[in-house]
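Chemist: below is the sequence, then the predicted model.
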Amino acid sequence: MFQTLISPADLAANLGQIRPLDCRAQLGDPLFGRRAFAAGHLPGAVQADLDADLAAPPGAGGRHPLPDPEALAARLREWGVNDADQVVVYDDAGGAFAARAWWCLRWLGHAAVAVLDGGLAAWSAPLTNEKSARPVGNFSIRPSLTRTIEADELLRALARSPSPTLVDARTQARFDGAEEPIDPIAGHIPGAVCMPFQANLEDDRTFLSPETLAERFAHLPEDPICYCGSGVTAAHNVLAMRVAGLPEPILYPGSWSEWIVDPSRPRAP
């Protein structure tokens, strides 16, 4: 069973027994994933759309609130996913979007899910335009393998001393409030540390070794809380910590885009 990453070689060797989900996406272009999938995808793959499948509609809960769990489970059954299946999720962005799918399946209690290390660029075999047809699966919601925190609970935690350790997956410029290309307010949640998700990767967009990742996160105390702009790339840091052999960190799904909806919540700088 693969539960964090899978190499292209292991995927190729087991492709007939694996259910691939194509998670390619681009923020600001909701049709990108559909176009990319139609142009070519892994054999047997189905498209998992960031906005339609892996998130609820934007609103008070942020830009990418978690999807309704029953709706996502039903979608997985439509894709032919069974409780016993090994699922592999992939994208072309270093796992930025695939990690969200990985986290969501674990959220529903599915342990056998892994991100393709290196993404589509690491896959050397031909792609296909053929649509996958499988019988409806028996995917069911099981006890969650993840941990979350809501905004109100986080606000109470920030008021306590010592406050929790927050890990922000966005770039340093967005963290500092020097630029904000997406959300209407710039800055970060007070007490957070900036640990951009891109630093989890080698130059070829494969993940750093478990030992190197363990060193990267070694300074964090117990129970770090991961967040980002909308809860998507924060899952990349969650995955990286699990690759490092660390305990499951906490995810704040609403992240910065939800936090700033309420002006009474503290912001920095």
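Modeler: The structure has been received and is ready for your questions. Residues are numbered from 1 along each chain as shown.

Chemist: the strands in the stretch 101-250 of the chain, which residues?
Modeler: In the stretch 101-250 of the chain, strands defined by DSSP state E, counting those that start in this stretch lie at 113-116, 166-168, 192-194, 225-227, 250-251, listed in chain order.

Chemist: any chance of those strands in TSV, plus distance to E179 and mean pLDDT?
Modeler: Heads up, the C-betas are built off the backbone N, CA and C, glycines and all. Formatted as TSV, these follow (distance: least, Cβ to Cβ, whole Å; pLDDT from 0 to 100):
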stretch	distance to E179	mean pLDDT
strand 113-116	28	98
strand 166-168	14	98
strand 192-194	13	97
strand 225-227	18	98
strand 250-251	24	98
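
Chemist: just the terminal-to-terminal distance for stretch 49-63.
Modeler: Stretch 49-63 has its terminal residues 14 Å apart, counting by Cα to Cα, to the nearest Å.

Chemist: before we move on, back to that, for the strands of the stretch 101-250 of the chain, which one sits closest to M241?
Modeler: strand 225-227 (8.0 Å; Cβ to Cβ).

Chemist: how near is L72 to V238?
Modeler: 17 Å (Cβ to Cβ, to the nearest Å).

Chemist: neighbours of P221, just the number please.
Modeler: P221 has 8 neighbours, counted by other Cβ atoms under 10 Å.

Chemist: in terms of neighbours, single out the busier of L72 and V238.
Modeler: The neighbour comparison of L72 against V238 (other Cβ under 10 Å) goes to V238, with 26 against 23.

Chemist: can you pull the contacts of that one?
Modeler: 99, 103, 146, 226, 248-249, 251 (Cβ atoms under 8 Å, 6 or more residues apart in numbering).

Chemist: also T206?
Modeler: Here T206 is in contact with 117-118, 122 (criterion: Cβ under 8 Å, 6+ apart).

Chemist: mind listing the helices for this protein?
Modeler: With DSSP state H, the ranges of helices along the chain come out as 8-13, 32-39, 69-78, 98-107, 151-159, 172-176, 210-216, 234-243, 255-259.

Chemist: output those in CSV; the columns should cover distance to M195 and mean pLDDT.
Modeler: CSV is the format used below for those (distance: least, Cβ to Cβ, whole Å; pLDDT from 0 to 100):
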stretch, distance to M195, mean pLDDT
helix 8-13, 27, 96
helix 32-39, 26, 96
helix 69-78, 28, 98
helix 98-107, 14, 98
helix 151-159, 17, 96
helix 172-176, 9, 98
helix 210-216, 7, 98
helix 234-243, 6, 98
helix 255-259, 14, 98
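
Chemist: can you add distance to T165 and give those back as CSV?
Modeler: Converted to CSV, the helices of the chain look like this (distance: least, Cβ to Cβ, whole Å):
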stretch, distance to T165
helix 8-13, 34
helix 32-39, 33
helix 69-78, 27
helix 98-107, 19
helix 151-159, 10
helix 172-176, 15
helix 210-216, 14
helix 234-243, 12
helix 255-259, 15
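
Chemist: middle-most residue in this structure, spatially?
Modeler: R100 (2.1 Å; Cα atoms, centre = their mean).

Chemist: and the residue nearest to G40 when sequence neighbours are not counted, how many neighbours does it have?
Modeler: With sequence-adjacent residues excluded and distances taken as Cβ to Cβ, 6 or more residues apart in numbering, G40 is closest to L127, at 3.4 Å. The number of residues packed near L127 is 14, by other Cβ under 10 Å.
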